[in-house]
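Asks: Got a sequence here, can you model it:
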Amino acid sequence: QVQLVESGGGLVQPGGSLRLSCVASGSIFTINDMGWYRQAPGNRRELVATISRGGSTNYADSVKGRFTISRDDAKNTVYLQMNNLRPEDTTVYYCNARIFAYHNNKWSDYWGQGTQVTVSS
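Replies: Next up is the predicted model:
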């Protein structure tokens, strides 16, 4: 099986920073795209940022210039550095990875359990 575990969420004041981490573990052969999404109650899950295996990145317009996605393939980890946080960034953040796993010999999308980010004074 494959697991994604996020960490790094919490409470921060407006203008502050947080760094989210997501570690993939289990029967992993290789990882393709990795990304971060967020979902507020009653809303659809929306893309925040993605990064390809080659390092190409894509960001939602609302976070461009403030958030930076990166990955460490040796550690099967993706990061999201969030700077200049705003109250509207408050929600649950989920990590996603496209993984080829040994246990089923196919590509699948895997999700973490989510980590809460709250931006408030």
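Asks: the strands in this structure, which residues?
Replies: 2-7, 10-12, 18-26, 28-39, 46-51, 57-59, 67-72, 77-82, 91-101, 106-111, 115-119 (DSSP state E).
Asks: And the second one, what does it pack against?
Replies: In other words, strand 10-12. Strand 10-12 is packed against strand 115-119, with contacts defined by 3 or more Cβ pairs under 8 Å, 6 or more residues apart in numbering; DSSP states H and E. Any C-beta I mention is one placed from the backbone N, CA and C, and that applies to glycine too.
Asks: Now do the strand it packs on: which elements does it pack against?
Replies: Contact partners of strand 115-119 among helices and strands, from 3+ Cβ pairs under 8 Å, 6+ apart: strand 10-12, strand 18-26, strand 91-101.
Asks: any idea of the mean pLDDT for stretch 74-92?
Replies: Per-residue pLDDT over stretch 74-92 has a mean of 97.
Asks: In that stretch, which of the residues would be classed as buried?
Replies: Of all the residues in stretch 74-92, those buried under the rule 16 or more other Cβ atoms under 10 Å are Asn76, Thr77, Val78, Tyr79, Leu80, Met82, Leu85, Asp89, Thr90, Thr91, Val92.
Asks: State the pair within the residues you listed that is farthest apart.
Replies: Asn76 and Thr90 (28.1 Å; Cβ to Cβ).
Asks: contacting residues for Val12?
Replies: Residues counted as contacts of Val12 (Cβ atoms under 8 Å, 6 or more residues apart in numbering) are Leu18, Leu85, Val117, Thr118, Val119.
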